[in-house]
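Undergrad: Got a sequence here, can you model it:
(2 chains)
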Amino acid sequence: MNNQSHQSYWRKNLRYLTILLSIWFLVSYVFGIMLVDQLNNIRIGGFKMGFWFAQQGAIYVFVILIFVYVRWMNKLDREYDVDER
Amino acid sequence: MDVQTWTYLIVGLTFSVYIGIAIWSRAGSTSEFYVAGGHVSPLANGMATAADWMSAASFISMAGLISFMGYDGAVYLLGWTGGYVLLALLLAPYLRKFGKFTVPDFVGDRYYSNAARTVAVFCAIFVSFTYVSGQMRGVGVVFSRFLEVNVNTGIIIGMVIVFFYAVLGGMKGITYTQVAQYCILIFAYLVPAIFISILMTGNPIPQLGFGGTVADGTYLLDKLDGLQQELGFAAYTVAKKSMTDVFFITAALMVGTAGLPHVIVRFFTVPRVRDARISAGYALVFIAILYTTAPAVAAFARTNLINTVSNQSYVNLPEWFSKWEETGLISFSDKNGDGKVQYLADAEKNELTIDRDIMVLANPEIAQLPNWVIALVAAGGLAAALSTAAGLLIVISTSIAHDLIKKQINPKISEKGELVAARISAGVAVVIAGIFGIYPPGFVAQVVAFAFGLAASSFFPIIIMGIFSKRINKEGAIAGMLVGLLFTSFYIIYFKFLFPEQNVAANWWFGISPEGIGTLGMILNFLVSSVVSHITPEPPQEVQDMVESIRYPR
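TA: This is a model prediction of the structure:
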């Protein structure tokens, strides 16, 4: 495979990482820590949302992020013909 | 049957399973000993990683810790799960493609330097020993509380079991034992959690019961906030630590998790890059099951405890209270002589001291669950402690046999000789870990912050930069690692060992506690490595080619 296509594969990988890690940062550090007091004014059932993100919600989002990453990367590998056989 | 008989039965049964697996999966080569031959399926690796990761502390202490910390417990919940996102996205696939045996292997090859390799070996061994001594202690504690044997006898029984399957089976043996241990520990954690959730909120799913209502119709968390404030404690759902400190501790635990050698090495055991990615996903699912249950258990147990003991007369307390009083985990002194238990935030008037471990260990009894559930909790605690201990012992033995002996001292050593060396070092490591467990150095609790701080400030940045930058060279990496390590160590040693009396927020730099300082160490490491690398020659072409090649799965 040529160099140019390698570089384009790597750039796409980096873009995926930026998107996923921004969400990672948002749900844990922003929702669970920095904006916790503001979000605690919103309630769903017995949960204040800031508290819920810090002790529950962020963890669920983490799991989803990894599975989305796996899906995107497997597709990207095939597209650029760098997948393992 | 009584609790004792049930415990002997269930613990005995689980131990024979571990030994059976060890005999079935003996390691025949160094590759099998170090990385299970690289043939582990992603699902099995996910379970093994979860068991490897969740230690005696996660199983026994975490829920109790959270129940005393309230919202602040989020540092552990976020820190010890969020690290897996970093691991899955930034480390695991690339290190799998690199395809050697250890983290020091990567550091040594990527930075073409035995000095860098040696610093990495030192960190790996230090971090692993710190951790493993806590596990052996955990084994002893579970034995002594449930089987009424002496703590030291418990530790020796644990050593024999670990010795057997780690020395015999190496990574191959511990992988399949860890799969079994995960199943046992998660079952043992969920059964009492489900029972107590039904008991408190009528909802069988703890994660939902957590947000549900208690018998009088108020929401559990509101009820708990109210109870806490009545007794003079801060409300459960609000922060007690400063926001900066919560932020930095969470970050240090996250990057520390992603930098721990016994976790990273698990991703060398799967056949392909795509398996490494998905298996990090499975691992986090298996971990999240426990980590989302723990905060619910924490809130249930805290509410239940306050309801059961606060302002009740001592003679009418349930049977478990006196039983756990004997172990010293809970104690009552009637200061005002009214015969009732006053549990208050005010230390002058408070009459009850509670060890955090009791929240998980005594939970089944507090919730009046059947005897077999209590026995199950004992087996679960042992599974959590043994699986983590075994994973760490393999890291120690691999570091010595492979990174030190094979790569530096005697490169001509035969395959067979290396395998013998690996087994001997695993054996010696078990014995040292056991001795640490029997004579725990007074500083075990403090060194945990150390282990994460070191992993965060040394391994994580140089591995990340080694993958994502071709420009980072030997000089940069070594300078960065040293600055990160020294800075973090001095800060922790200053506040935790030399001047513990000064360890208060007013004296901390930028309000960051020693637990969170690894984050700053990591940032320094990133800065120093980049600057030094840019003023020194770039890495040789073959190293740049190697970096290029690990970025593509094929």
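Undergrad: Please report how far the most centrally placed residue in chain A lies from chain B.
TA: Chain A has residue A:20 as the residue nearest its centroid, 2.9 Å off, counting by C-alpha atoms, centre = their mean. For residue A:20, the distance to chain B (C-beta to the nearest C-beta, to the nearest Å) stands at 6 Å. Using the backbone N, CA and C atoms, a C-beta is placed for each residue, glycine as well.
Undergrad: Could you pull up the residues touching that residue?
TA: Neighbouring residues of residue A:20 by C-beta atoms under 8 Å, 6 or more residues apart in numbering or on different chains: A:65, A:68, A:69, B:85, B:89.
Undergrad: same thing with residue A:32?
TA: The neighbours of residue A:32, taking C-beta under 8 Å, 6+ apart as the test, are A:50, A:53, A:54, A:57, A:58, B:74, B:78.
Undergrad: Those: which two are farthest apart?
TA: Spatially, the most separated pair among the contacts of residue A:32 is A:50 and B:78, at 12.6 Å (C-beta to C-beta).
Undergrad: State the number of residues packed around residue B:318.
TA: 13 (other C-beta atoms under 10 Å in any protein chain shown).
Undergrad: Could you report the pLDDT at it?
TA: On pLDDT, residue B:318 comes in at 85.
Undergrad: give me phi/psi at it?
TA: As for residue B:318, its main-chain torsions (degrees, to the nearest 10) stand at phi -60, psi 170.
Undergrad: Just the buried positions in the host helix or strand of residue B:128, please.
TA: Under DSSP states H and E, the secondary-structure element containing residue B:128 is helix B:114-147. Neighbour counts over helix B:114-147 (16 or more other C-beta atoms under 10 Å in any protein chain shown) mark B:116-121, B:123-147 as buried.
Undergrad: Contacts only, for residue B:95.
TA: Residue B:95 makes contact with B:103, B:106, B:264, B:267, B:268, B:276, B:463, B:550, according to C-beta under 8 Å, 6+ apart.
Undergrad: wait, residue B:278
TA: Counted by C-beta under 8 Å, 6+ apart, residue B:278 has contacts A:70, B:42.
Undergrad: gap between stretch B:206-219 and the chain center?
TA: 29 Å (C-alpha atoms, centre = their mean, to the nearest Å).
Undergrad: Any idea how many residues pack against the residue of chain A found nearest chain B?
TA: At 3.2 Å from chain B, residue A:46 is the closest residue in chain A, using C-beta to the nearest C-beta. By other C-beta under 10 Å, 22 other residues sit near residue A:46.
Undergrad: so where is chain A shaky, pLDDT-wise?
TA: For chain A, the stretches flagged by pLDDT under 70 are A:1-2.
Undergrad: Would you mind listing the buried residues in stretch B:197-213?
TA: B:197, B:199, B:200, B:201, B:203, B:206, B:207, B:209, B:210, B:211, B:212, B:213.
Undergrad: Now the third one: closest residue in space, sequence neighbours ignored.
TA: Leaving aside its sequence neighbours, residue B:200 sits nearest to residue B:300 (C-beta to C-beta, 6 or more residues apart in numbering or on different chains; 4.9 Å).
Undergrad: Kindly tell me how buried the one you found is, as a neighbour count.
TA: Neighbour tally, residue B:300, other C-beta under 10 Å: 30.
Undergrad: thinking again about what came up before, out of the contacts of residue A:32, flag the one nearest to residue B:53.
TA: residue B:78 (14.9 Å).
Undergrad: what sits up against the strand or helix carrying that closest one?
TA: In the assignment (DSSP H and E), residue B:78 maps to helix B:74-86. Contacts with helix B:74-86, where a contact means C-beta under 8 Å, 6+ apart, come from A:20-21, A:24, A:28, A:32-33, A:54-55, A:58-59, A:62, A:65-66, B:53, B:58, B:62, B:65-66, B:241, B:246, B:249-258, B:280, B:283-284, B:287-288, B:291, B:294-295, B:460, B:515.
Undergrad: how far is it from where the chain is centred?
TA: For helix B:74-86, the distance to the chain centre is 11 Å (C-alpha atoms, centre = their mean).
Undergrad: In terms of helices and strands, where is residue 5?
TA: All of this is about chain A. Assigned by DSSP H and E, residue A:5 falls within helix A:3-25.
Undergrad: you looked at the wrong chain, it should be chain B
TA: helix B:3-24.
Undergrad: in that helix, what counts as buried?
TA: By 16+ other C-beta under 10 Å, the buried positions in helix B:3-24 come out as B:3, B:6, B:7, B:10, B:11, B:14, B:15, B:17, B:18, B:21, B:22.
Undergrad: Give the other helices and strands that it contacts.
TA: Contacts defined by 3 or more C-beta pairs under 8 Å, 6 or more residues apart in numbering or on different chains; DSSP states H and E place helix B:3-24 against helix B:114-147, helix B:151-162, helix B:168-201, helix B:371-398.
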